[in-house]
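>>> structure for this input, please:
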Amino acid sequence: MPLIDSQTARQQLRLNMQLSIAVAQPEPPRPHNCGVSIIRKIRKVGNSLMISLPPATVSEAGFKEGTAVVITARRGHVDLDRAGMPDKRLADFTSRFTERYRKDLAELADS
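Predicted structure coming up:
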């Protein structure tokens, strides 16, 4: 077995400690709706900007080649939803609003 100097031994020990710490760290919580997270760069293709999507990401979203999507953008965020599907956020908001104000809405409708 070859001998190693003390500096190499300290570096290996430090690396082992860092690996142990990295393994022991819990994974940060992910948002409830986050299935696959990737990092991509926006590229210029012709006169357009493009973000390529790997097959795993497309599959996780339930999309496939040729799927029509609705792109919704707001500051710092872009959503892709299957075309023809209701906006889930709007549907959820409407449901909560209706449930909360059902009695008031009924009174307004009767007047």
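>>> look at Q11 and report its pLDDT.
Per-residue pLDDT puts Q11 at 61.
>>> from the rest of the structure, what touches the longest helix belonging to the chain?
Secondary structure of the chain read by DSSP state H shows that its longest helix is helix 88-110. Here helix 88-110 makes contact (C-beta atoms under 8 Å, 6 or more residues apart in numbering) with D81. Quick note: C-beta positions are derived from backbone N, CA and C, even for glycine.
>>> quick check: mean pLDDT across that helix?
Per-residue pLDDT values over helix 88-110 give a mean of 88.
>>> got it, and stretch 66-85?
If you average the pLDDT values across stretch 66-85, you get 86.
>>> in that stretch, what counts as buried?
For stretch 66-85, a neighbour-count test (16 or more other C-beta atoms under 10 Å) marks D81 as buried.
>>> and I38, that's in a helix?
No - assessed with DSSP: H, G, I helix; E, B strand; the rest coil, I38 is coil; it does not lie in a helix.
>>> was I right to think it contacts S52?
No - using C-beta atoms under 8 Å, I38 is not in contact with S52; the gap is 10.0 Å.
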